[in-house]
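A.B. asks: let me see the structure of the following:
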Amino acid sequence: MATLDYSYSIIHLDEEGYLRSFDDWNEDVAHILAEREGVGRLTKDRRDILLFMRDYYRKFNSFPILDVVCKNIRQPKECTYEQFPDPILAWKIAGLPKPVTQVFSLTKHNV
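C.D. replies: Numbers count the residues shown, from 1 in each chain. Okay, here's the model as predicted:
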């Protein structure tokens with residue numbers, strides 16, 4: 001099991017780098033995860049995507065449809081693809097659990 005050392009705390013990750021606990025996430029942890037995944041700096045637009053995904057998941061216990069993310073945060077329709085090399089990375093950095101296989105196939109660009 002992998003861990004992140006953060007502010008005198010240890011954050012537990014699964015073998016693929018997803019947070020084990022939804023509640024361990026905060027923006028500082030997101031910055032560490034983004035760096036670890038090679039995404040780069042978390043701009044305001046990227047943070048807005050992550051915060052919306054977390055809020056949606058908290059409310060509905062489900063992953064949001066990517067177009068819904070962009071529409072609700074008033075970004076261009078393809079914002080998740082523009083801001084992250086792969087929307088699955090956005091979910092990982094947002095501290096959401098690893099998606100099921102069907103979600104992976106739906107996130108492929110132009111599907």
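A.B. asks: hmm, Val39 and Phe84 touching each other?
C.D. replies: Yes: using Cβ atoms under 8 Å, Phe84 is in contact with Val39, at 6.3 Å. From N, CA and C alone the C-beta is placed, and that goes for glycine too.
A.B. asks: which residues do these two both contact?
C.D. replies: Counting by Cβ atoms under 8 Å, 6 or more residues apart in numbering, the common neighbours of Phe84 and Val39 are 46, 93.
A.B. asks: the most centrally placed residue in the chain in helix, strand or coil?
C.D. replies: Here the mean C-alpha position of the chain is nearest to the C-alpha of Trp91 (Cα atoms, centre = their mean), at a distance of 2.5 Å. Assigned state for Trp91: helix (three-state reduction, DSSP: H, G, I helix; E, B strand; the rest coil).
A.B. asks: which residues does it contact?
C.D. replies: Per Cβ under 8 Å, 6+ apart, neighbours of Trp91: 53, 63, 99.
A.B. asks: nearest to Tyr18, of the residues you listed?
C.D. replies: Pro99 (9.3 Å; Cβ to Cβ).
A.B. asks: residues near Gly40, how many?
C.D. replies: 11 (other Cβ atoms under 10 Å).
A.B. asks: so Ala2 touches Glu15, yeah?
C.D. replies: Yes: using Cβ under 8 Å, Ala2 is in contact with Glu15, at 7.0 Å.
A.B. asks: give me the more crowded residue out of these two.
C.D. replies: For Ala2 versus Glu15, neighbours defined as other Cβ under 10 Å are more numerous around Ala2 (13 against 8).
A.B. asks: could you check how far the more buried one is from Tyr56?
C.D. replies: Applying Cβ to Cβ, to the nearest Å, the value for Ala2 to Tyr56 is 26 Å.
A.B. asks: could you do Glu35 as well?
C.D. replies: 24 Å.
A.B. asks: higher neighbour count, those two?
C.D. replies: Neighbours per residue, other Cβ under 10 Å: of Glu35 and Tyr56, the larger number sits with Tyr56, 19 against 13.
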